[in-house]
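Visitor: Fold the following.
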Amino acid sequence: MMAASEAVRQVIYGAFPNVCRLDTCSYDLYSPRSNKSYFCDRRKRTSVYVQGQGRSRMFHHKSKRIIAPLCIDGLFQGKTAYNRLESMISNCQRVGGVNGVTAGDQDGTWSTGMDKRPKSGSLNGDVSSPHTEAFEVDGPVKHERGASLHVVSENSIEDEAWDLLRDSIVYYCNNPVGTIAANDPNSSTILNYDQVFIRDFIPSGIAFLLKGEYDIVRNFIIHTLQLQSWEKTMDCHSPGQGLMPASFKVRTVALDGDDSATEDVLDPDFGEAAIGRVAPVDSGLWWIILLRAYGKCSGDLSMQERVDVQTGIKMILKLCLADGFDMFPTLLVTDGSCMIDRRMGIHGHPLEIQALFYSALMCAREMLTPEDGSADLIRALNNRLVALSFHIREYYWIDMRKLNEIYRYKTEEYSYDAVNKFNIYPDQIPSWLVEFMPSKGGYLIGNLQPAHMDFRFFSLGNLWSIVSSLATMDQSHAILDLIEAKWTELVADMPLKICYPALEGQEWRIITGSDPKNTPWSYHNGGSWPTLLWQLTVACIKMDRPELALKAVQVAERRISKDKWPEYYDTKKGRFIGKQARLFQTWSIASYLVAKQLLANPDASKILVNEEDSELRNAFSFAISANPRRKRGMKKQSFIV
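Guide: Residues are numbered from 1 along each chain as shown. Have a look, this model is predicted:
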C-alpha cells in the first residue's frame, strides 16, 4: 500500500513517467521498465499480435519517432527519461484489412460512419458511479435511420440533424471518439475538416450527453488526454507542457511487414500544420469545461477523480497560471488562438479566451481533489479568479454611462490614482459605436491593452461571460438587452454575428493582412455562425429569458436545413451562404440540436453554467470596496477564497 501511494505521488510530481491501464475506467500504476525490456516486449508483441492479441507498439511516421505507451498485460508502460517524444499517441491494432487501406498506403486513411461502427450500434454504456446520481436528462433514445441521408424527415429537421451528426462520428478501435468538423460528400477539398477538433466537438459532446449517450464523450476525454503534451518546450517547434492539441485524426495504417494487419493511430495537431501555425489556447479550456459537464450529466464523477485526469487538469492550469512579463490577470495570447483562428486583430487579451479561462478555473476548482500537492495551485487559482473577475467587470465593461466617461478621459496621467489607467485616448471611440450603443444595455469589449480598446462586440466572449458568471447579473442582463435591441444587426436572417462590426477598407487591409477569406461581413470578419446558437441558448436560459433563444432558433430553422447546414453566412444580415463555407458543418448541426434540447429541458443547462459562490462574491466585493489608489510602497493585498 505504501509503495502504491509513493507511486501515485511520483506520477503527480513527474518524478517518473505515468503509467496507466488500457481500460479507460481507471488507470493503475506500474513500475517503469528499462529500454531493453521495452524492445524485447515489442518483438514478442509482434508475434503474439498475429494470433489476435492487439497491443500498442512503436510507430514511425514522417521521420519522427512517435511512441505509444507500451501495453504489457493490460498495462500501459509510460515514457522513460531517455526518450524525447514528439507527441503522445495511442495505437490500436486489429487483424485483417480495412476498406480503402492497402499495404502501399503509408499515410493511411480515416473513416467515419457505418464502416467502423460497432456491431452493437449503441454509443451508450453504463458509466454511472455507484456513489453519485446522474443529472436528470432525457434517456438514450434509439435512433432509426431514414431512407435518404440528407433528406428532411417527416417529423422535423431534428431527425435529419441527428442522422447527420451520427454520420460524422469518428471511430477508433471500433469505439466512437469524436465527430469530424464537416462531412460534405460533394466537397473535393478536405483540408483539415476531416479531423476531430476539440472546440468543434464541444457542441457535439453536449448533444450526446443530453441524449444520454455518454460513451463517445468519455472516450473523447480519455483519448485527447493521452495526446496532451507532457514534455517541456525544447525548441520553438515543440508544444508547451500541458498543451492540448487543436485536433486529431484517426488514421488506419498497415503494420510493418504484415499486409494483412492494420492498426488505428491517433495523429494530433498542436498547430504545427494549421494555417498560421498558431497553438490553440482554448482547447485545454474547453476540455476542462466538457469534463465537468460529463460528470454532472452522467453522474460518473470517478472519471474526474482519476490520477491521470487530475494530472491533466493540473498541467493545463499550470500552463495558464505561469508567471510571465504580463501585469494583467488576463491571459496574454497571440492572434488566431481561439475560434477566430486567423489574423483578426485579437492578439493580446481577447475576451473569448478570458471568458473560457474563467469558466475553466471555476470548473477545475470543483473537480480538483484536495491534497498536499494541490494547495499552492488551488490558492493561485482562487486568487486569479478574484483578480480576473474584477479586471473584466471593471475595465472591459461598456455602456452609455461608461462611454460618456471615456469620452471625457484625461490622458497622460502618471499616478497611482489615475482614472484613465490604460491611457485610452477619447479619439479611439469609433463613430459606429455612437449609433450602435442603445440607451438600455451594454457589453464587454473585445480586448484591452495599453492605449487600446477594441470596441467590437464579440458574441462568444460575451455569451460565455454570462454562462460562467464572469459578468455580473446586471451586466449579463444588459448584454441580452443589447442583443435584443440590436437584433437586426446581430441576428437578422441567421444567428449569430461572430463579431460586430466588420473590418472594412484600409482597416481590413492592415489588420487582417488583406485576408481574402475574412473579407467584410464574411467568415470571422462579421460573418454569421449558427454554431453560436447553443451558447446563446445557455446564456438566455441562465438569465431566465429563454424566449430570446427560442426566437433565434426559429430564425435558424427557416433556412439552415434547406441550406444544407453551412459553416457560416455572409453579408450584414446573413442572407448568403458563406462564399467558402463548408456544408454539413458538424458544429452547426450539433449546436442546433443542443439549443432544441435545452429549450425542451432548461434544467439540463446546469451542466454548463457556473454559479458564482458566496465566498468568491464576498472576495470580489472586498476588492471593489478596497481603495484602489494605493500609495507607493504600500503592501499589496491578495484575496484568498
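Visitor: for the stretch 501-641 of the chain, which spans come out with low pLDDT?
Guide: Applying pLDDT under 70 to the stretch 501-641 of the chain flags the ranges 620, 623-641.
Visitor: hmm, I was thinking of the stretch 51-200 of the chain
Guide: Across the stretch 51-200 of the chain, the ranges flagged by pLDDT under 70 are 51-155.
Visitor: Kindly tell me how buried residue 609 is, as a neighbour count.
Guide: 18 (other CB atoms under 10 Å). (C-beta placed from N, C-alpha, C; glycine too.)
Visitor: Three-state assignment for it, please.
Guide: coil (DSSP: H, G, I helix; E, B strand; the rest coil).
Visitor: Touching, it and residue 467? I think so.
Guide: Yes. Judged on CB atoms under 8 Å, residue 609 makes contact with residue 467 at a distance of 5.8 Å.
Visitor: Overlap of the contact sets of those two?
Guide: Shared contacts of residue 609 and residue 467 (CB atoms under 8 Å, 6 or more residues apart in numbering): 538, 542.
Visitor: Geometrically speaking, which residue is the centre of this structure?
Guide: Closest residue to the average C-alpha location of the chain: residue 286 at 2.9 Å, with CA atoms, centre = their mean.
Visitor: Now that one: which helix or strand?
Guide: Using DSSP states H and E, residue 286 maps to helix 282-298.
Visitor: Show me what that helix is packed against.
Guide: With contacts defined as 3 or more CB pairs under 8 Å, 6 or more residues apart in numbering; DSSP states H and E, helix 282-298 has these neighbours: helix 198-211, helix 215-227, helix 302-305, helix 307-321, helix 351-367.
Visitor: looking at those, which is closest to residue 380?
Guide: Of all the helices and strands packed on helix 282-298, it is helix 307-321 that lies closest to residue 380, at 5.3 Å by CB to CB.
Visitor: between that closest one and helix 282-298, how many degrees?
Guide: If you take axes from the mean of the first three to the mean of the last three CA atoms, to 10 degrees, helix 307-321 sits at 140 degrees to helix 282-298.
Visitor: How far does helix 307-321 sit from its chain's centre?
Guide: Relative to its parent chain, helix 307-321 has a centroid offset of 15 Å by CA atoms, centre = their mean, to the nearest Å.
Visitor: pLDDT averaged over it, what's the number?
Guide: In this model, helix 307-321 has a mean pLDDT of 95.
Visitor: quick thing: my sequence starts at 30, can you match it?
Guide: New numbering, starting at 30: the last item is helix 336-350.
Visitor: Pull out the buried positions in it.
Guide: For helix 336-350, burial by neighbour count (16 or more other CB atoms under 10 Å) applies to 336-346, 348-349.
Visitor: about what we covered before: from the helices and strands packed on helix 311-327, which stretch is densest packed?
Guide: Of the helices and strands packed on helix 311-327, the one with the most neighbours on average (mean count of other CB atoms under 10 Å) is helix 227-240, at a mean of 26.
Visitor: elements contacting that one?
Guide: Counting by 3+ CB pairs under 8 Å, 6+ apart, helix 227-240 packs on strand 204-208, helix 244-256, helix 311-327, helix 615-629.
Visitor: mind listing the strands for the stretch 430-579 of the chain?
Guide: Per DSSP state E, counting those that start in this stretch, the stretch 430-579 of the chain carries strands over the ranges 471-478, 481-487, 528-529.
Visitor: related to what we said a few turns ago, what about the residue nearest to the centre of the chain, distance to residue 253?
Guide: Residue 315 is 10 Å from residue 253, where distance means CB to CB, to the nearest Å.
Visitor: next one: residue 469
Guide: Noted for residue 469: a distance of 42 Å to residue 253, by CB to CB.
Visitor: Also residue 335?
Guide: 14 Å.
Visitor: residues contacting the nearest residue to residue 392 once chain neighbours are set aside?
Guide: Spatial nearest neighbour of residue 392, chain neighbours left out: residue 321 (4.1 Å); criterion: CB to CB, 6 or more residues apart in numbering. Residue 321 makes contacts with 333, 392, 395-396, 636, as judged by CB under 8 Å, 6+ apart.
Visitor: try 7 Å
Guide: Listed by CB atoms under 7 Å, 6 or more residues apart in numbering, the contact set of residue 321 reads 392, 395-396.
Visitor: any idea of the pLDDT on it?
Guide: Looking at residue 321, its pLDDT stands at 98.
Visitor: Quickly note the distance from it to residue 240.
Guide: Applying CB to CB, the value for residue 321 to residue 240 is 18 Å.
Visitor: shouldn't residue 222 be in contact with residue 211?
Guide: Yes. Between residue 222 and residue 211 there is a contact at 4.2 Å, judged by CB atoms under 7 Å.
Visitor: what touches both of the two?
Guide: residue 611.
Visitor: Break down the stretch 380-529 of the chain into its helices, ranges please.
Guide: For the stretch 380-529 of the chain, the helices defined by DSSP state H, counting those that start in this stretch occupy 380-396, 404-420, 429-436, 460-465, 488-496, 502-514, 516-519.
Visitor: just the ones you listed: most buried one?
Guide: Highest mean neighbour count among those (mean count of other CB under 10 Å): helix 488-496, a mean of 27.
Visitor: any residues touching it, and which ones?
Guide: Under the contact criterion CB under 7 Å, 6+ apart, helix 488-496 has outside partners 368, 379-381, 384-385, 388, 472-473, 475, 500, 505, 508, 525-528, 561, 564-565, 567-568, 571-572, 637-639.
Visitor: Give me the buried subset of those.
Guide: Neighbour counting by 16+ other CB under 10 Å classes 368, 379-381, 384-385, 388, 472-473, 475, 500, 505, 508, 525-528, 561, 564-565, 567-568, 571-572, 637-639 among the contacts of helix 488-496 as buried.
Visitor: how near is the residue lying closest to residue 614 once chain neighbours are set aside to residue 523?
Guide: Of all residues beyond its chain neighbours, the one nearest residue 614 is residue 596 (4.0 Å), with distances taken as CB to CB, 6+ apart. Distance check for residue 596 against residue 523: by CB to CB, it reads 12 Å.
Visitor: So which of those two has more stuff around it?
Guide: A direct count of neighbours by other CB under 10 Å for residue 596 and residue 523 places residue 523 higher, at 28 against 24.
Visitor: who's in contact with residue 483?
Guide: Contacts of residue 483 (CB under 7 Å, 6+ apart): 474-476.
Visitor: From those, pick the one nearest residue 620.
Guide: Of all the contacts of residue 483, residue 620 sits closest to residue 475, with 21.6 Å by CB to CB.
Visitor: Just the CA atoms of the strand ranked longest in the chain, as PDB, please.
Guide: Using DSSP state E to define each element, the chain has its longest strand at strand 287-298. Output in PDB follows, covering the C-alpha atoms of strand 287-298 (Å, rounded to 0.1, in the frame of the first residue of the first chain):
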ATOM      1  CA  ASP A 287       2.300  -7.600 -42.500                       C
ATOM      2  CA  ASP A 288       0.000  -6.500 -45.200                       C
ATOM      3  CA  SER A 289      -3.000  -8.400 -43.700                       C
ATOM      4  CA  ALA A 290      -2.900  -6.500 -40.400                       C
ATOM      5  CA  THR A 291      -3.700  -2.900 -39.700                       C
ATOM      6  CA  GLU A 292      -3.900  -0.600 -36.700                       C
ATOM      7  CA  ASP A 293      -5.700   2.700 -35.800                       C
ATOM      8  CA  VAL A 294      -3.500   5.600 -35.000                       C
ATOM      9  CA  LEU A 295      -4.400   9.000 -33.300                       C
ATOM     10  CA  ASP A 296      -2.400  11.700 -35.100                       C
ATOM     11  CA  PRO A 297      -2.600  15.000 -33.100                       C
ATOM     12  CA  ASP A 298      -2.100  18.500 -34.500                       C
END
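Visitor: re the thing from before, pipe the helices and strands packed on helix 311-327 into TSV and attach distance to residue 483 per row.
Guide: Converted to TSV, these look like this (distance: least, CB to CB, whole Å):
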stretch	distance to residue 483
helix 227-240	21
helix 244-256	31
helix 331-334	35
helix 336-350	22
helix 380-396	9
